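>>> generate a structure from the sequence data that follows.
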Amino acid sequence: MGLFDSIQHPANRPANAMPPAGNKTVEVVFSVLPDDLAQFRALPQAALANPYDTAALTVLALCFYPQDKEAALAMLDFLRGPRPLSPFDKQFIRDRFMDADYVPRSYFKGAVPQNDYLPSEPYTVAVSENPYSYTEHGFARLFLRSGGADSPREIKLRLAKDGKWYLWEQMILSGIRAPESSNPWA
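Okay, the predicted model is just below:
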(Lines give C-alpha, C1' and ligand atoms only; values in the text may rest on other atoms or scores of the structure.)
Protein backbone atom coordinates (compact mmCIF):
# COMPACT_ATOMS: atom_id res chain seq x y z
CA MET A 1 0.00 0.00 0.00
CA GLY A 2 1.35 3.42 -0.98
CA LEU A 3 1.74 6.37 1.35
CA PHE A 4 -1.33 8.21 0.06
CA ASP A 5 -3.54 5.28 -0.88
CA SER A 6 -5.76 5.90 2.15
CA ILE A 7 -6.80 9.30 0.79
CA GLN A 8 -9.08 7.59 -1.72
CA HIS A 9 -10.41 5.22 0.97
CA PRO A 10 -10.88 7.17 4.20
CA ALA A 11 -10.40 5.18 7.39
CA ASN A 12 -13.52 4.07 9.24
CA ARG A 13 -14.24 6.03 12.38
CA PRO A 14 -14.45 4.08 15.61
CA ALA A 15 -17.95 3.86 17.09
CA ASN A 16 -17.13 6.28 19.92
CA ALA A 17 -15.31 8.82 17.71
CA MET A 18 -16.43 12.42 17.59
CA PRO A 19 -18.94 13.30 14.86
CA PRO A 20 -17.68 15.14 11.82
CA ALA A 21 -18.06 18.88 12.27
CA GLY A 22 -19.46 21.31 9.76
CA ASN A 23 -21.49 24.46 9.85
CA LYS A 24 -24.58 22.88 11.35
CA THR A 25 -27.12 24.64 13.55
CA VAL A 26 -29.59 22.78 15.74
CA GLU A 27 -32.64 24.50 17.17
CA VAL A 28 -33.49 23.19 20.64
CA VAL A 29 -37.13 23.90 21.44
CA PHE A 30 -38.58 23.95 24.94
CA SER A 31 -42.33 23.45 24.66
CA VAL A 32 -42.71 24.21 28.37
CA LEU A 33 -40.41 25.97 30.80
CA PRO A 34 -39.73 24.27 34.13
CA ASP A 35 -40.57 25.85 37.48
CA ASP A 36 -37.95 24.01 39.54
CA LEU A 37 -35.04 21.56 39.47
CA ALA A 38 -37.27 18.47 39.33
CA GLN A 39 -39.11 19.75 36.25
CA PHE A 40 -35.78 20.84 34.73
CA ARG A 41 -34.41 17.31 35.13
CA ALA A 42 -37.63 15.89 33.63
CA LEU A 43 -37.23 17.79 30.35
CA PRO A 44 -36.47 15.52 27.37
CA GLN A 45 -33.25 17.49 26.74
CA ALA A 46 -32.05 16.60 30.27
CA ALA A 47 -31.00 13.17 28.99
CA LEU A 48 -27.89 15.10 27.83
CA ALA A 49 -27.72 12.80 24.81
CA ASN A 50 -26.09 15.41 22.59
CA PRO A 51 -24.07 18.58 23.11
CA TYR A 52 -26.78 20.81 21.62
CA ASP A 53 -29.29 19.92 24.33
CA THR A 54 -26.74 20.50 27.09
CA ALA A 55 -25.80 23.89 25.64
CA ALA A 56 -29.45 24.98 25.41
CA LEU A 57 -30.16 23.74 28.95
CA THR A 58 -27.24 25.87 30.17
CA VAL A 59 -29.00 28.96 28.83
CA LEU A 60 -32.24 27.89 30.51
CA ALA A 61 -30.50 27.24 33.85
CA LEU A 62 -28.82 30.66 33.78
CA CYS A 63 -32.21 32.31 33.14
CA PHE A 64 -33.29 31.06 36.58
CA TYR A 65 -30.49 32.89 38.39
CA PRO A 66 -32.23 36.29 38.85
CA GLN A 67 -35.31 34.70 40.46
CA ASP A 68 -33.80 31.69 42.29
CA LYS A 69 -30.02 31.56 42.60
CA GLU A 70 -29.92 28.22 44.40
CA ALA A 71 -32.13 26.50 41.83
CA ALA A 72 -30.01 27.90 38.99
CA LEU A 73 -26.79 26.69 40.62
CA ALA A 74 -28.32 23.24 41.23
CA MET A 75 -29.34 23.07 37.56
CA LEU A 76 -25.81 24.00 36.50
CA ASP A 77 -24.37 21.37 38.85
CA PHE A 78 -26.66 18.82 37.21
CA LEU A 79 -25.39 19.89 33.78
CA ARG A 80 -21.78 19.64 34.96
CA GLY A 81 -22.22 16.03 36.09
CA PRO A 82 -19.34 14.73 38.21
CA ARG A 83 -17.67 18.17 38.25
CA PRO A 84 -19.82 20.58 40.31
CA LEU A 85 -19.39 24.33 40.30
CA SER A 86 -16.41 25.61 42.27
CA PRO A 87 -16.61 28.65 44.56
CA PHE A 88 -14.80 30.56 41.80
CA ASP A 89 -17.47 29.51 39.26
CA LYS A 90 -20.24 30.66 41.59
CA GLN A 91 -18.53 34.01 42.19
CA PHE A 92 -18.04 34.49 38.45
CA ILE A 93 -21.75 33.89 37.82
CA ARG A 94 -22.74 36.17 40.71
CA ASP A 95 -20.51 38.94 39.32
CA ARG A 96 -22.03 38.65 35.83
CA PHE A 97 -25.53 39.13 37.21
CA MET A 98 -24.74 42.22 39.28
CA ASP A 99 -25.66 44.61 36.47
CA ALA A 100 -27.46 42.58 33.83
CA ASP A 101 -30.02 39.83 34.37
CA TYR A 102 -31.07 39.83 30.71
CA VAL A 103 -27.95 38.26 29.16
CA PRO A 104 -29.06 34.60 29.26
CA ARG A 105 -32.51 35.49 27.89
CA SER A 106 -30.83 37.05 24.86
CA TYR A 107 -29.91 33.58 23.53
CA PHE A 108 -33.56 32.65 22.94
CA LYS A 109 -34.97 33.35 19.50
CA GLY A 110 -36.77 36.66 19.27
CA ALA A 111 -35.03 38.20 22.30
CA VAL A 112 -33.51 41.52 21.22
CA PRO A 113 -32.78 44.89 22.88
CA GLN A 114 -35.91 46.43 21.32
CA ASN A 115 -38.23 44.09 23.26
CA ASP A 116 -36.10 44.01 26.44
CA TYR A 117 -34.93 40.50 25.54
CA LEU A 118 -38.36 38.91 25.79
CA PRO A 119 -38.10 35.59 23.91
CA SER A 120 -40.71 34.48 21.41
CA GLU A 121 -42.61 31.23 21.82
CA PRO A 122 -41.95 28.40 21.47
CA TYR A 123 -38.79 29.01 23.47
CA THR A 124 -35.95 28.14 21.10
CA VAL A 125 -32.17 28.25 21.41
CA ALA A 126 -30.10 27.86 18.22
CA VAL A 127 -26.81 26.05 18.83
CA SER A 128 -24.18 25.99 16.09
CA GLU A 129 -21.00 24.14 15.34
CA ASN A 130 -18.17 24.98 12.99
CA PRO A 131 -15.47 22.85 11.33
CA TYR A 132 -13.33 23.12 14.48
CA SER A 133 -16.01 22.19 17.02
CA TYR A 134 -14.76 18.64 17.58
CA THR A 135 -10.99 18.98 17.13
CA GLU A 136 -10.28 18.23 20.81
CA HIS A 137 -11.05 14.57 21.56
CA GLY A 138 -13.99 14.16 23.95
CA PHE A 139 -14.99 17.83 23.79
CA ALA A 140 -17.35 19.95 21.70
CA ARG A 141 -17.02 23.70 21.24
CA LEU A 142 -20.40 25.04 20.19
CA PHE A 143 -21.66 28.55 19.62
CA LEU A 144 -24.76 30.51 20.61
CA ARG A 145 -26.00 33.75 19.11
CA SER A 146 -27.24 36.48 21.38
CA GLY A 147 -29.82 38.98 20.16
CA GLY A 148 -27.64 41.68 21.73
CA ALA A 149 -24.17 40.73 20.47
CA ASP A 150 -22.48 40.89 17.09
CA SER A 151 -20.58 37.61 17.34
CA PRO A 152 -21.53 34.18 18.67
CA ARG A 153 -20.46 33.08 22.15
CA GLU A 154 -18.74 29.80 22.90
CA ILE A 155 -19.76 26.98 25.18
CA LYS A 156 -17.60 23.89 25.76
CA LEU A 157 -19.05 20.48 26.53
CA ARG A 158 -17.45 17.18 27.44
CA LEU A 159 -18.50 13.67 26.52
CA ALA A 160 -18.31 11.38 29.57
CA LYS A 161 -17.96 7.61 29.86
CA ASP A 162 -21.70 7.34 30.46
CA GLY A 163 -22.33 8.71 26.94
CA LYS A 164 -23.76 12.01 28.20
CA TRP A 165 -22.57 15.47 27.25
CA TYR A 166 -21.79 17.65 30.27
CA LEU A 167 -21.13 21.36 30.57
CA TRP A 168 -17.39 21.99 30.81
CA GLU A 169 -17.23 25.79 30.56
CA GLN A 170 -19.36 28.60 29.25
CA MET A 171 -18.46 31.98 27.86
CA ILE A 172 -22.02 33.15 27.32
CA LEU A 173 -22.38 35.66 30.17
CA SER A 174 -20.26 38.38 28.53
CA GLY A 175 -21.83 41.80 28.24
CA ILE A 176 -24.25 42.62 25.45
CA ARG A 177 -26.22 45.69 24.38
CA ALA A 178 -28.53 46.98 27.10
CA PRO A 179 -32.29 46.61 26.70
CA GLU A 180 -33.86 49.57 24.97
CA SER A 181 -35.96 50.41 28.04
CA SER A 182 -32.77 51.10 30.05
CA ASN A 183 -31.10 53.14 27.31
CA PRO A 184 -31.78 56.87 27.79
CA TRP A 185 -30.67 57.54 24.18
CA ALA A 186 -33.00 55.06 22.52
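>>> would you map the strands across the protein?
Taking DSSP state E as the test, the strands found in the chain are 25-30, 123-128, 139-144, 153-159, 165-170.
>>> columns mean pLDDT on top of those, output as TSV?
What follows is the strands of the chain, written out as TSV (pLDDT from 0 to 100):
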stretch	mean pLDDT
strand 25-30	98
strand 123-128	98
strand 139-144	98
strand 153-159	98
strand 165-170	97
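>>> got TSV for those, with mean neighbour count and distance to Q39 too?
All C-beta atoms are positioned from the backbone trio N, CA, C, and that covers glycine. Output for those, formatted as TSV (neighbours: other Cβ atoms under 10 Å; distance: least, Cβ to Cβ, whole Å):
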stretch	mean neighbour count	distance to Q39
strand 25-30	16	11
strand 123-128	21	14
strand 139-144	22	23
strand 153-159	21	22
strand 165-170	20	19
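>>> contacts for the lengthiest helix in the chain, please.
Using DSSP state H, we find that the single longest helix of the chain is helix 51-64. Identification of contacts with helix 51-64 by Cβ atoms under 8 Å, 6 or more residues apart in numbering yields 26, 28, 30, 33-34, 40, 43, 45-48, 71-72, 75-76, 78-79, 93, 103-105, 107-108, 125, 127, 140, 142, 144, 155, 157, 159, 164-167, 170, 172-173.
>>> go with 7 Å
Under the criterion Cβ atoms under 7 Å, 6 or more residues apart in numbering, residues 26, 28, 30, 45-46, 48, 71-72, 75-76, 79, 104-105, 107, 125, 127, 140, 142, 144, 155, 157, 165-167, 170, 172 lie in contact with helix 51-64.
>>> point to the residue nearest the middle of the protein.
By Cα atoms, centre = their mean, the chain has its centre lying nearest to A55, at 2.5 Å.
>>> quick one: the helices in this structure?
Read by DSSP H, the chain holds these helices, from start to end of the chain: 37-42, 51-64, 69-80, 87-96.
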